[in-house]
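A.B. asks: no sequence for this one, just the structure:
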């Protein structure tokens with residue numbers, strides 16, 4: 001995967017690039033600090049994935065995202081931003097963004113992002129899920145499936161929860177700790193906007209998620 005990090009803050013771009021260069025799914029990383037260079041870099045370097053700062057100088061709203069999706073529809077785009085209003089998130093997804101991330105991204109989140117992108121899914125950071133749950137997101141973006149918004153491990157944990165397995169049992173089956181299972185459960189609750197396992201299972205069954 002050939003990746004472009006487009007952010008006018010060189011420190012942010014360099015940090016993300018450093019993370020990406022150590023990921024096995026990434027073949028080469030490029031950087032762009034000026035919005036006018038982004039489209040040329042995508043074409044010149046055969047970019048597969050762009051990490052795009054939503055607010056660069058002389059950049060009007062989501063115009064660059066629209067241009068990328070129009071000219072290079074196969075190129076996937078992850079929005080980088082410190083602003084997580086539901087309006088921005090939904091607009092980006094409607095245009096065709098493949099994810100929305102906080103600029104305070106860490107290594108684990110980059111791994112999760114790449115995993116979702118490689119699996120044809122959408123990745124949203126936790127801040128995004130605090131703004132809108134999956135049902136509200138689907139109302140604005142009906143083409144997005146619930147599965148697209150879950151990591152492969154979350155899907156595995158959810159499947160076991162639907163089967164009635166406890167956290168300890170799931171940990172043993174998936175070779176992860178009980179605490180890790182509890183973390184995945186917490187993330188699932190947050191994503192679906194629920195507080196009880198029964199509510200989570202009901203949504204999973206009704207929407208054929210697992």
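C.D. replies: Structure received. This structure is a prediction, so every number in the text was calculated from the model and none was measured.
A.B. asks: where does pLDDT dip in this protein?
C.D. replies: By pLDDT under 70, the weakly predicted segments of the chain are 57-61, 135.
A.B. asks: break down it into its helices, ranges please.
C.D. replies: Ranges of helices within the chain are 10-21, 38-44, 63-71, 86-95, 107-118, 126-131, 134-140, 152-162, 167-174, 178-192, 197-206, based on DSSP state H.
A.B. asks: how about residue 107: what's its closest non-neighbour residue?
C.D. replies: Counting by Cβ to Cβ, 6 or more residues apart in numbering, residue 19 is the residue found nearest to residue 107 once chain neighbours are left out, at 5.5 Å. All C-beta atoms are positioned from the backbone trio N, CA, C, and that covers glycine.
A.B. asks: please list all residues in contact with residue 87.
C.D. replies: Shown in contact with residue 87 (Cβ atoms under 8 Å, 6 or more residues apart in numbering): no residues.
A.B. asks: check the gap between the residue lying closest to residue 66 once chain neighbours are set aside and residue 89 for me.
C.D. replies: Once flanking residues are discounted, residue 66 sits nearest to residue 95: 5.6 Å by Cβ to Cβ, 6+ apart. From residue 95 across to residue 89, the span is 11 Å (Cβ to Cβ, to the nearest Å).
A.B. asks: higher neighbour count, the two?
C.D. replies: More neighbours surround residue 89 than the other of residue 95 and residue 89, with 25 against 16 (other Cβ atoms under 10 Å).
A.B. asks: how far away is that one from residue 131?
C.D. replies: Between residue 89 and residue 131 the computed distance is 6 Å (Cβ to Cβ).
A.B. asks: try residue 118
C.D. replies: 26 Å.
A.B. asks: ends of stretch 21-34, how far apart?
C.D. replies: Terminal residues of stretch 21-34 are spaced 21 Å apart (Cα to Cα, to the nearest Å).
A.B. asks: again with stretch 2-15
C.D. replies: End-to-end for stretch 2-15, by Cα to Cα: 17 Å.
A.B. asks: which other residues reach it?
C.D. replies: With Cβ under 8 Å, 6+ apart, stretch 2-15 has contacts from 16-17, 20, 26-35, 38, 41-42, 45-53, 56-57, 80, 103.
A.B. asks: kindly recompute the last result at 6 Å.
C.D. replies: 16-17, 20, 26-33, 38, 41, 46-53, 56-57, 103 (Cβ atoms under 6 Å, 6 or more residues apart in numbering).
A.B. asks: still on that earlier bit, quick one, what contacts the residue nearest to residue 66?
C.D. replies: For residue 95, the contact set (Cβ under 6 Å, 6+ apart) comprises 62, 65-66.
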